[in-house]
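In: sequence first, predicted model second:
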Amino acid sequence: MSCTSRYLRCLDRCVVNSWECTVAPGRALSFHREGFGVTDKYIRTLNTGDIVLFRFSEQANRPGTFAVSACPWGHVGLIYVEPKSGERYVIDSTGYRHYDFCVRCLDFGVPPSDEWRASSGPQMFKFVDFYEAHAKQGGHVSKTPARGNRPGRPWRVERVAVRRLLKPLDTHQKTALTEEIARLRDTPYEESKEELFNAAVDICDCLGMCRNDGTDPNSLKSLFCAELASHLLMCAGVLDKYPQGPPASEYYLSDFASESGSNVSAPCGCCIFSWMWKHSLGSNVGVNKYYGREEVLAWPRGTS
């Protein structure tokens, strides 16, 4: 590992540890203390459109993931409630299939094909399957894909939080969201490193620097996790569409957190034009307007 990577890893740990010491204790839900049954009462209170935030162990993240966004989250998905069974699923977009229980979006009860398992992009999994897998001693361990002679690195989930919609989606909004999931479910994971960089770094957007174009017709041909989540919420009428708000490709992990620190985009926060034009910073204000603060899920012993 290079000196730069080591330095970024150090910054990542500082961001995560600061959040764990200051914010997490006041948000943590102890299911036993509060009387929630994780597989019953709590999970069944979640609604379509609720946000799920994940933090993976550092083996799954690029160095600087938390430092750049100045928040402790490395992945985001949305809750989707199957209308017939009431099962709660998480829908997200990934570079590879993290778990054996992942299936193609909206393919309820249909085993995924080998071709789909080898692909990337949107996927869904039952929230209860996810939690029970991590409830095992030591947690559910996944591996990054092997590349060339480099074997995959084992990793696991370290923390999960939920943000609830303050006002549940109505039938029309759920229909619009479902139709868009069906349209995008075979889209690959983000293929443009430039788009990911521009989403993470918002500095000088008003000058056209480090900004994703909201009118680019190719933007949705590949999707990273925050882009999929924000786009679906736009289609459901929760978030403003471009140009009333930032394009989906400009949303990043910090935009889904109720708090994030000052990152490399901070100088733009002093510029009134960045707020007026809704380019730099402030996109999480739109998310905060419609969502409650994080409910930090306490992992069972041995997996936290």
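Out: It's in.
In: hang on, Pro154 packs against Val141?
Out: Yes. The pair formed by Pro154 and Val141 meets the contact definition of Cβ atoms under 8 Å, at 5.1 Å. From N, CA and C alone the C-beta is placed, and that goes for glycine too.
In: my read is Leu53 is in a strand, agree?
Out: Yes. When classified by DSSP: H, G, I helix; E, B strand; the rest coil, Leu53 is found to be part of a strand.
In: how many neighbours does it have?
Out: If you count neighbours by other Cβ atoms under 10 Å, Leu53 ends up with 23.
In: for it, give me its contacts.
Out: With contacts taken as Cβ atoms under 8 Å, 6 or more residues apart in numbering, Leu53 has the following neighbours: Trp73, His75, Val76, Val160, Ala161, Val162, Arg163, Leu253, Phe256, Ala257, Glu294.
In: specify which member of those is nearest to Ala60.
Out: Closest approach between the contacts of Leu53 and Ala60, by Cβ to Cβ: His75, at 8.7 Å.
In: show me where the stretch 101-250 of the chain has helices.
Out: Taking DSSP state H, counting those that start in this stretch as the criterion, the stretch 101-250 of the chain carries its helices at 114-117, 127-134, 171-184, 193-200, 225-235.
In: wait, Ala236 sits on Thr178?
Out: No. With contacts defined as Cβ under 8 Å, Ala236 does not count as touching Thr178, sitting 9.3 Å away.
In: buried stuff in stretch 108-119?
Out: Of the residues in stretch 108-119, those buried by neighbour count under the rule 16 or more other Cβ atoms under 10 Å are Pro112, Trp116, Ser119.
In: so which of those comes closest to Arg27?
Out: Taking Cβ to Cβ as the measure, Arg27 lies nearest Pro112 of the buried residues of stretch 108-119, at 34.2 Å.
In: can you pull the contacts of that closest one?
Out: Cys102, Val103, Arg104.
In: check which helix or strand Val296 maps to.
Out: Under the criterion of DSSP states H and E, Val296 resides in strand 295-297.
In: now for that strand, which elements pack on it?
Out: When contacts are defined as 3 or more Cβ pairs under 8 Å, 6 or more residues apart in numbering; DSSP states H and E, strand 295-297 sits against helix 24-27, strand 28-29, strand 157-163.
In: Arg55 versus His75, what's the distance?
Out: His75 sits at a distance of 8 Å from Arg55 (criterion: Cβ to Cβ, to the nearest Å).
In: that older thread, now do the strand holding Val296, average pLDDT.
Out: Taken as a whole, strand 295-297 carries a mean pLDDT of 84.
In: and that strand, which strands flank it?
Out: The partner list of strand 295-297 in its sheet, established with DSSP bridges, is strand 28-29 (parallel), strand 157-163 (antiparallel).
In: deepest-packed of those strands, please.
Out: Among the strands paired with strand 295-297, ranked by average contacts under mean count of other Cβ atoms under 10 Å, first place goes to strand 157-163 (a mean of 22).
In: averaged pLDDT, that strand. What do you get?
Out: For strand 157-163, the per-residue pLDDT averages 89.
In: ok, stretch 226-237 next?
Out: When pLDDT is averaged along stretch 226-237, the result is 96.
In: residues contacting that stretch, please?
Out: Counting by Cβ under 8 Å, 6+ apart, stretch 226-237 makes contact with 49, 51, 76-78, 91-93, 122, 169, 173-174, 176-177, 179-181, 184, 190, 195, 199, 219-220, 223, 239-241, 245, 248-249, 251-253, 255-256, all of which sit outside it.
In: now do stretch 75-86
Out: Among residues not part of stretch 75-86, those counted as contacts by Cβ under 8 Å, 6+ apart are 44, 46-56, 87-92, 94, 108, 124, 127, 162, 177-178, 181, 225-226, 229, 232-233, 253, 256.
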